[in-house]
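Participant: have a look; sequence and predicted model below, questions after that.
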Amino acid sequence: MTAGPAAGGGRRISVAPERLAGWITRFAERHGAIEAVVLPGLVRLDAADGAVAECQVPFPPLRPSRGDESDSGDEGEFRLPPAAAALVAHVCRERTVGVLLARLGGHAAGVFTGARLVTGKAGSRQVHGRSAAGGWSQQRFARRRDKQSAEALRAAADVAARVLLPRLADLEAVVLGGDRRSIDEIRRDRRLAPLFALESGPFLTVPDPRPPVLEGAPALFRAVRVRLLDP
């Protein structure tokens, strides 16, 4: 679980799907009886002492089924309110997700089932930094850098096409990350339009997309982001 200040006040934490039921139970133990309500994009928990937990729904929308009832347990034990139980069931469901990460010079694409990497590939292309020189030398360097950037982004798009497009029918969502400018350039590749149509947030801010970064992506895109407001 990670924590930090939240925009608009309060604290922001991330909770792994497998820990969410326990986290809600402990929230109720600290703050008293809770009510849970489903709002657009989130489930809000209102506690008896005035504390609030706004739980963003990953891979929305949340679709409670007829079987969504409060979490059962022995008599006297805490039971999750129906909306909270629905959220837990939703985030713990195993889904197939495509991931595309790109930064200038580096890229990675993979298909995950739950937290397991089914197939993936990472690569890199050299892109020189900006030159401090002036005049003709700087212009020539800029043209060279632009050419390297275009080649790097084309390589990233090619990897996305090879890794993700063959599994398109299985994908429930596509998560993007790295550098937004690089991803926006890759969007221009018409081959990848069906993938971008499945885009689901949040955008993952990650370092250079090497294999370990790709393998660690589920810890980011499966987590439930919670905004905590103290009483």
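Facilitator: Thanks, I have it. Numbering: from 1, shown residues only.
Participant: and the residue nearest to residue 223 when sequence neighbours are not counted, how many neighbours?
Facilitator: Sequence neighbours aside, residue 14 is the residue nearest to residue 223 in space, at 4.1 Å (criterion: Cβ to Cβ, 6 or more residues apart in numbering). Placement of C-beta: from N, CA and C, glycine included. Neighbour count of residue 14, defined by other Cβ atoms under 10 Å: 16.
Participant: same question for the one 3 residues further on.
Facilitator: The local packing count at residue 17 equals 21, with neighbours defined by other Cβ under 10 Å.
Participant: that one contacts residue 89, correct?
Facilitator: No. At 10.0 Å, residue 17 does not count as touching residue 89 under the criterion of Cβ atoms under 8 Å.
Participant: my guess is residue 27 meets residue 53, correct?
Facilitator: Yes. The pair residue 27 / residue 53 is scored as a contact, 5.9 Å apart, by Cβ under 8 Å.
Participant: pick out whichever of the two has more residues nearby.
Facilitator: residue 53 (25 against 19).
Participant: so what sits opposite that one in the bridge?
Facilitator: Beta-bridge partners for residue 53, by DSSP bridges, are residue 45, residue 228.
Participant: quick one: contacts for it?
Facilitator: Contacts for residue 53 (Cβ atoms under 8 Å, 6 or more residues apart in numbering) come out as 24, 27, 44, 45, 47, 226, 227, 228, 229.
Participant: how about a cut-off of 6 Å?
Facilitator: 27, 45, 226, 228 (Cβ atoms under 6 Å, 6 or more residues apart in numbering).
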